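*Asks:* sequence plus the predicted model coming up.
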Amino acid sequence: MYIGLDHIAIRVKDLDTAIKQYEKLGFTLERQGQVETLGIRQAICDSGSFIELVEPTDPNKAVGKALERYGEGIHTVALSVDDVTSTVTPLKEAGVNVILPDGDGETAFVHPKETYGILLQLVKHH
C-alpha cells in the first residue's frame, strides 16, 4: 500500500522569497515551472524526498483558495504507493473522499476534509 514519503508541497505567497529561504536552509533548487491547469508557479527543492514550493497564480484554483483561507504552510503530503488503484479501492470502499484526476492513473488525492486539512496525494512509485 504505502511505500513512504514522496514529497511535501508548501503554499507560499512569494515563490522567489521562499526559494531564497529554503536555499539558506541548505536545500538545492532543482527546477522551477508553472502549471497553468493548477494555477501555480512551483519550485522543486531536492532533499532525497523533495519539497515543492507552490505560489498560486490563480486565486480561484485550489492553492489560491487554500492560501487565502489558511495562509502559508503545508498544502500537500504526497506518499509513494506501489499501485494507485489498489491503494484507492479500499479507501473508497471505506467511504473516504478520494479525488481521481483525469490522466494516467499515476496519482490520486484524498480530500483535506478526510486528513485534518492536508491534501494527501498518492503517487505511483517509480
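*Replies:* In hand now; what should we look at?
*Asks:* is it true that residue 6 touches residue 51?
*Replies:* No. Contact between residue 6 and residue 51 fails when scored by C-beta atoms under 8 Å: they sit 11.1 Å apart. C-beta here means a position set from N, CA and C on the backbone, and glycine is covered the same way.
*Asks:* need the contact list for the residue lying closest to residue 27 once chain neighbours are set aside.
*Replies:* Closest residue to residue 27 apart from its sequence neighbours, by C-beta to C-beta, 6 or more residues apart in numbering: residue 45 at 3.9 Å. Residues in contact with residue 45 (C-beta atoms under 8 Å, 6 or more residues apart in numbering) are 19, 22-23, 27-30, 51-53.
*Asks:* return a selection command, for use in PyMOL, containing the buried ones of those residues.
*Replies:* With 16 or more other C-beta atoms under 10 Å as the criterion, this PyMOL line picks the buried residues out of the contacts of residue 45:
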select buried, resi 19+22+27+51+52+53
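*Asks:* that older thread, and the residue nearest to residue 27, bridged to which residues?
*Replies:* Here residue 45 sits in beta bridges with residue 29, residue 51, going by DSSP bridges.
*Asks:* let me see the mean pLDDT of whatever helix or strand residue 17 lives in.
*Replies:* Using DSSP states H and E, residue 17 maps to helix 15-24. In this model, helix 15-24 has a mean pLDDT of 96.
*Asks:* report the buried residues of that helix.
*Replies:* 15, 18-19, 22.
*Asks:* thought residue 105 was touching residue 86?
*Replies:* No. Contact status for residue 105 versus residue 86: not in contact, 10.9 Å apart, counting by C-beta under 8 Å.
*Asks:* who's in contact with residue 113?
*Replies:* Applying C-beta under 8 Å, 6+ apart to residue 113 gives the contacts residue 97.
*Asks:* find the centremost residue of the chain, please.
*Replies:* By C-alpha atoms, centre = their mean, the mean C-alpha position of the chain lies nearest to residue 76, the distance being 3.7 Å.
*Asks:* nearest residue to it in space, please, no chain neighbours.
*Replies:* residue 9 (3.8 Å).
*Asks:* next, the buried residues of the helix or strand hosting the one you found.
*Replies:* Assigning secondary structure by DSSP H and E places residue 9 in strand 2-11. Neighbour-count burial for strand 2-11, counted by 16+ other C-beta under 10 Å, picks out 6-11.
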